[in-house]
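Chemist: could you work out the structure for the sequence below:
(2 chains)
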Number of protein chains: 2
Amino acid sequence: MGKNLTKRSEDYSKWYNELVVKADLAENSAVRGCMVIKPYGYAIWEKMQAELDRMFKETGHQNAYFPLFIPKSYLSKEADHVEGFAKECAVVTHYRLKNAEDGSGVVVDPDAKLEEELIVRPTSETIIWDTYKKWVQSYRDLPILVNQWANVVRWEMRTRLFLRTAEFLWQEGHTAHETKDEAVREAEQMMNVYAEFAEDFMGVPVIKGVKTDSERFAGALETYCIEALMQDGKALQAGTSHFLGQNFAKAFDVKYANREGKQDYVWATSWGVSTRLMGALIMTHSDDNGLVLPPKLAPIQVVIVPIHKGEEQLNAITEKVKPLLKELRSKGITVKYDDRDTYKPGWKFNEYELKGVPVRLALGMRDMENNTYEVARRDTLTKETVAAEAVVEKIQGLLEEIQESVYKKAQEYRDAHITEVDTFEEFKKLLETKGGFLSAHWDGTAQTEDKIKELTKATIRCIPIDAKAEKGQCVYSGKPSERRVLFAKAY
Amino acid sequence: MGKNLTKRSEDYSKWYNELVVKADLAENSAVRGCMVIKPYGYAIWEKMQAELDRMFKETGHQNAYFPLFIPKSYLSKEADHVEGFAKECAVVTHYRLKNAEDGSGVVVDPDAKLEEELIVRPTSETIIWDTYKKWVQSYRDLPILVNQWANVVRWEMRTRLFLRTAEFLWQEGHTAHETKDEAVREAEQMMNVYAEFAEDFMGVPVIKGVKTDSERFAGALETYCIEALMQDGKALQAGTSHFLGQNFAKAFDVKYANREGKQDYVWATSWGVSTRLMGALIMTHSDDNGLVLPPKLAPIQVVIVPIHKGEEQLNAITEKVKPLLKELRSKGITVKYDDRDTYKPGWKFNEYELKGVPVRLALGMRDMENNTYEVARRDTLTKETVAAEAVVEKIQGLLEEIQESVYKKAQEYRDAHITEVDTFEEFKKLLETKGGFLSAHWDGTAQTEDKIKELTKATIRCIPIDAKAEKGQCVYSGKPSERRVLFAKAY
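Modeler: Numbers count the residues shown, from 1 in each chain, chains lettered A, B, ... in the order given. Below is the predicted model of the structure:
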């Protein structure tokens, strides 16, 4: 009874694509580059949303909603911003269809052309700062701490489920502040919120850092990021938080009367994570048997499968399971009792392994006699027999243990794949063999960064926040450097 | 200290528009017909979403997400459907911008034309049924009970905040069933869920019914609806649930092997409510002083305003209020303590009245001496002095009372505005004077329905579910009729 899942060692990329589809997470749609997020995948995303939303609110943010469309001219108002997004914008030009004259269906009605074309938002800085202009007059109106959960569209030629799709779901925080310091603190705070979420809920260890000039968000003065490492040795940017300076305030003329009564431009941040996090979650923990989910984000934490012949045995098992279900639910544990008779136990075991349910209980006639349960753990694929009276405590313990364990395993892998490199030969060799993050000196120039990317496909993932000062020579140019940065091939 | 709010009796429409903006619920954006939902308005919508989502899940539904874009050709596959939506579709024709040659900014890149134009979803039946084709092979795959929270776009020439906007937020349920009966039951169930939500949470009494042929959803065999009545005597359709028969299954060729092993088309429903509910909520309860919110949907249920001179008095009040805040919060009551010294108590009273906070507590020096609170109730604008030790119980009681009271008040108004009418003269007169629902006989023809609409602007809101058989003559044509239907002018 196999899952027909390609092994990671054979073809990691194929394994990922198959897993996403077979575990019912998402699939491609009829619209190029746009995915359908299936109920099981969406349930994981909802759990992510709920935790992130709570964290945003605890740090003083409120949700709001801004238009899907942006007037084309708005995009041009911030020069770097338009440069970054113009090439991947879906453009609405007309607002009506009409019947084709040859009866072939509907066609775009040329008479219903928009006066100004609209962009489907690739990100909302421009429309939001146009709105903030109306909201801000004085320092009393600041800070504005707003987040939006929304869909955005960036036209991509090569897409992959969750990792890179033309439409994706995300949240985008957009804040406005009195002072530069306050805005910088906000951007740093949100990077820390993202890191905490990734580590404590997703079980994904991340490195906090800042981007280089070339990798920075279009329109930002500083981009803070969290970088994770996948099992194939490639890095994945899991979240970014931008200090935007006064760029958007100037582009949209958002001034406020400061405490001295003088007019000043407002300081800004923006920050976001997206359904890309689903890709990071899947690739960090899963194995050749399917998905492995950290219990805190698992839509089903425990599944109970009865093993029986005939209805009488099933009824007996069900009677035994009922109070257990009730007790687990009263403790906030999500449990599913799968008593469908259209599928056999072996099929179900396989299915829940594929879907990454952290804990599986099975209960057959021998267990009934012995008053025990068979308890299986998804992450280690180990099983044990547990006395019925101890099973609730066992499950609670296991859920905590699995949450910690998947994190530790990912952390050990990640830590074993950060390598200090001092020569370009070694750099190239390691990239091809071991992969992971290469910690190397860099001369600080975009030219060197570009050259290394051209030669190796590796980019500077970040300058780690905690990088200590260390004099050295650039791994490529040999020029002097003050600290090491992290290179990697990346998603 | 006025709110500068137009009175309802002067200009109801103007009152509504002003209230939406002044109470910080929403505002118009730079994009024609698209609104910005401000944090306070969005917080109410989030409360609605949370309750509805819980109700959907309790009735077995799961959330998923489908693409924003629909290939143009898909829309044509169901003939009635395309007829209903073609004239209000935003169309994406290109996917890239480029710099204008004259340096004037960015222009649409003509080389990046899409092979097939994409429609921004006005509703998702077509893209979803194209997906369900892949999900359904056998009766074992049914039912599919899926809901989506999303934005949709219907190009509207005349828009009004929340009531009619080009982009709006909604949920759309799309279910697939083995049998006709099961699908009909689902559509009815969701109408009942909507009615329960409207009455128990929004405090908005609704009439359940079915639409006539002309008012039915494009592509449906039956449209169930809930109809509410606003304070100006106009009706508002607050939610619809459609029995779609096999129309979409046939259009997208979605067949399944039934229990006899034969191929059959799947039966469908779809159902939705939108941010339009915000309009219904606002218009049902609010008054000339501002918003009136039912406590169950109020983002802030209780506000406490200190009345003090100087910091010492404020500190004393704050010390007294702290344990009260804690106790209220422990009981799940959302309470805000507004100790800002940038605004005076009178300004705050005004502000929270405008924003519809159900209960307001004030606490000054005399209250401190007497160990009392001044407790004010938003819906009735009444105040009383309550002993500190009784204040928690008082608040709990008030919140329940206000929830019931706003419903009852709306119900009384609604019931007083359902009038049986038997002559067309009376019909026309009542529409001009009293408004509300006119319960009248109708001959069942679209011609009569159209004629009445043309002459009076009244439409048939619904044929009530509980309409009893009653022989009579059509109020317009005099032809025989079997039951009364409800006419009204509507939003």
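Chemist: just the CA coordinates of stretch A:209-222, formatted as PDB?
Modeler: C-alpha atoms of stretch A:209-222 as PDB (Å, rounded to 0.1, in the frame of the first residue of the first chain):
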ATOM      1  CA  GLY A 209      18.500  39.600   8.900                       C
ATOM      2  CA  VAL A 210      18.400  42.500   6.500                       C
ATOM      3  CA  LYS A 211      18.500  42.400   2.800                       C
ATOM      4  CA  THR A 212      21.200  43.900   0.600                       C
ATOM      5  CA  ASP A 213      20.400  46.900  -1.700                       C
ATOM      6  CA  SER A 214      19.700  44.600  -4.600                       C
ATOM      7  CA  GLU A 215      17.300  42.300  -2.800                       C
ATOM      8  CA  ARG A 216      15.400  45.100  -1.000                       C
ATOM      9  CA  PHE A 217      11.700  45.700  -1.600                       C
ATOM     10  CA  ALA A 218      11.000  48.200  -4.300                       C
ATOM     11  CA  GLY A 219      10.600  51.500  -2.400                       C
ATOM     12  CA  ALA A 220      12.100  50.500   0.900                       C
ATOM     13  CA  LEU A 221      15.100  51.900   2.800                       C
ATOM     14  CA  GLU A 222      15.600  48.700   4.700                       C
END
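Chemist: need the contact list for the nearest residue to residue A:446 once chain neighbours are set aside.
Modeler: Spatial nearest neighbour of residue A:446, excluding adjacent residues (Cβ to Cβ, 6 or more residues apart in numbering or on different chains): residue A:214 at 5.2 Å. Heads up, the C-betas are built off the backbone N, CA and C, glycines and all. Residue A:214 sits next to A:446, A:449-450, A:460 when contact means Cβ atoms under 8 Å, 6 or more residues apart in numbering or on different chains.
Chemist: switch to 10 Å and redo it
Modeler: By Cβ atoms under 10 Å, 6 or more residues apart in numbering or on different chains, the contact set of residue A:214 is A:445-446, A:449-450, A:453, A:459-460.
Chemist: the residue most central in space within chain A: what's it in contact with?
Modeler: For chain A, the residue sitting closest to the mean C-alpha position, by Cα atoms, centre = their mean, is residue A:277 at 1.4 Å. Listed by Cβ under 10 Å, 6+ apart, the contact partners of residue A:277 are A:44-45, A:48, A:52, A:162, A:170, A:194, A:197-198, A:201-202, A:204, A:228, A:236, A:238-239, A:297.
Chemist: swap the cut-off to 7 Å and go again
Modeler: A:48, A:202, A:238 (Cβ atoms under 7 Å, 6 or more residues apart in numbering or on different chains).
Chemist: format the CA atom coordinates belonging to stretch A:419-437 as PDB.
Modeler: Extracted in PDB, the C-alpha atoms of stretch A:419-437 (Å, rounded to 0.1, in the frame of the first residue of the first chain):
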ATOM      1  CA  THR A 419      29.000  26.600   6.600                       C
ATOM      2  CA  GLU A 420      31.700  29.200   6.800                       C
ATOM      3  CA  VAL A 421      33.500  29.500   3.500                       C
ATOM      4  CA  ASP A 422      36.600  31.500   2.700                       C
ATOM      5  CA  THR A 423      37.500  30.700  -0.900                       C
ATOM      6  CA  PHE A 424      35.400  30.900  -4.000                       C
ATOM      7  CA  GLU A 425      36.400  27.300  -5.000                       C
ATOM      8  CA  GLU A 426      35.100  26.000  -1.800                       C
ATOM      9  CA  PHE A 427      32.000  28.200  -2.200                       C
ATOM     10  CA  LYS A 428      31.100  26.800  -5.600                       C
ATOM     11  CA  LYS A 429      31.900  23.200  -4.500                       C
ATOM     12  CA  LEU A 430      29.800  23.400  -1.400                       C
ATOM     13  CA  LEU A 431      26.800  24.900  -3.300                       C
ATOM     14  CA  GLU A 432      26.900  21.900  -5.600                       C
ATOM     15  CA  THR A 433      27.300  19.200  -3.000                       C
ATOM     16  CA  LYS A 434      26.000  20.100   0.400                       C
ATOM     17  CA  GLY A 435      23.900  23.300  -0.300                       C
ATOM     18  CA  GLY A 436      22.600  25.200   2.600                       C
ATOM     19  CA  PHE A 437      23.700  28.700   3.800                       C
END
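Chemist: one step back: give me the pLDDT for the residue nearest to the centre of chain A.
Modeler: Note for residue A:277: predicted pLDDT of 98.
Chemist: do you know how far it is from chain B?
Modeler: Applying Cβ to the nearest Cβ, to the nearest Å, the value for residue A:277 to chain B is 14 Å.
Chemist: that residue should be in a helix, yeah?
Modeler: Yes - the assignment for residue A:277 by DSSP: H, G, I helix; E, B strand; the rest coil puts it in a helix.
Chemist: could you find the closest non-adjacent residue to residue A:34?
Modeler: Excluding the flanking residues, the one nearest residue A:34 by Cβ to Cβ, 6+ apart is residue B:67, at 3.7 Å.
Chemist: residues touching that neighbour, list them.
Modeler: A:29, A:31, A:34, A:36, A:167, B:127.
Chemist: for these, which two are the farthest from each other?
Modeler: The largest separation in these, counting by Cβ to Cβ, is between A:167 and B:127 at 11.6 Å.
Chemist: buried residues in the lowest-mean-pLDDT helix or strand in chain A, which are they?
Modeler: Using mean pLDDT, DSSP states H and E, the weakest-scoring helix or strand in chain A turns out to be helix A:79-85, at a mean of 87. Buried residues in helix A:79-85, counted by 16 or more other Cβ atoms under 10 Å in any protein chain shown: A:81-82, A:84-85.
Chemist: need the next SSE after it, C-terminal direction.
Modeler: Next along the chain after helix A:79-85, taking DSSP states H and E as the criterion, comes strand A:91-94.
Chemist: which parts of the stretch 1-150 of chain A are helices?
Modeler: Secondary structure of the stretch 1-150 of chain A (DSSP state H, counting those that start in this stretch): helices at A:12-22, A:39-58, A:72-75, A:79-85, A:125-135.
Chemist: weakest of the ones you listed in terms of mean pLDDT?
Modeler: Checking each of the helices of the stretch 1-150 of chain A, the one with the poorest mean pLDDT is helix A:79-85, at a mean of 87.
Chemist: filter the contacts of residue A:214 to the buried ones?
Modeler: Buried among these (16+ other Cβ under 10 Å): A:445, A:449, A:459-460.
Chemist: out of the residues you listed, who's nearest chain B?
Modeler: Distance to chain B across the buried ones among the contacts of residue A:214 (Cβ to the nearest Cβ) is lowest for residue A:459, with 23.9 Å.
Chemist: how about the closest residue to residue A:423 other than its chain neighbours, secondary structure?
Modeler: The spatially closest residue to residue A:423, leaving aside those adjacent along the chain, is residue A:475, at 6.9 Å (Cβ to Cβ, 6+ apart). When classified by three-state DSSP, residue A:475 comes out as coil.
Chemist: give the contact list for residue A:475.
Modeler: Contacts of residue A:475 by Cβ under 7 Å, 6+ apart are A:421-424, A:427, A:440-442.
Chemist: distance to residue A:388 added to the buried residues of helix A:79-85, as CSV?
Modeler: CSV is the format used below for these (distance: Cβ to Cβ, whole Å):
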residue, distance to residue A:388
A:81, 61
A:82, 65
A:84, 60
A:85, 59
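Chemist: of the residues you listed, which is the nearest to residue A:369?
Modeler: residue A:85 (66.0 Å).
Chemist: pretty sure the closest one contacts residue A:120?
Modeler: No - Residue A:85 is beyond contact range of residue A:120, at 11.0 Å (criterion: Cβ atoms under 7 Å).
Chemist: who's in contact with stretch A:5-12?
Modeler: Outside stretch A:5-12, the residues touching it (Cβ under 7 Å, 6+ apart) are A:14-15, A:18-19, A:22, A:231-232, A:288, A:290.
Chemist: span of it from start to end?
Modeler: Chord length of stretch A:5-12, first to last residue, is 11 Å (Cα to Cα, to the nearest Å).
Chemist: what are the buried residues along that stretch?
Modeler: So for stretch A:5-12, counting by 16+ other Cβ under 10 Å, buried means A:5-6, A:8, A:12.
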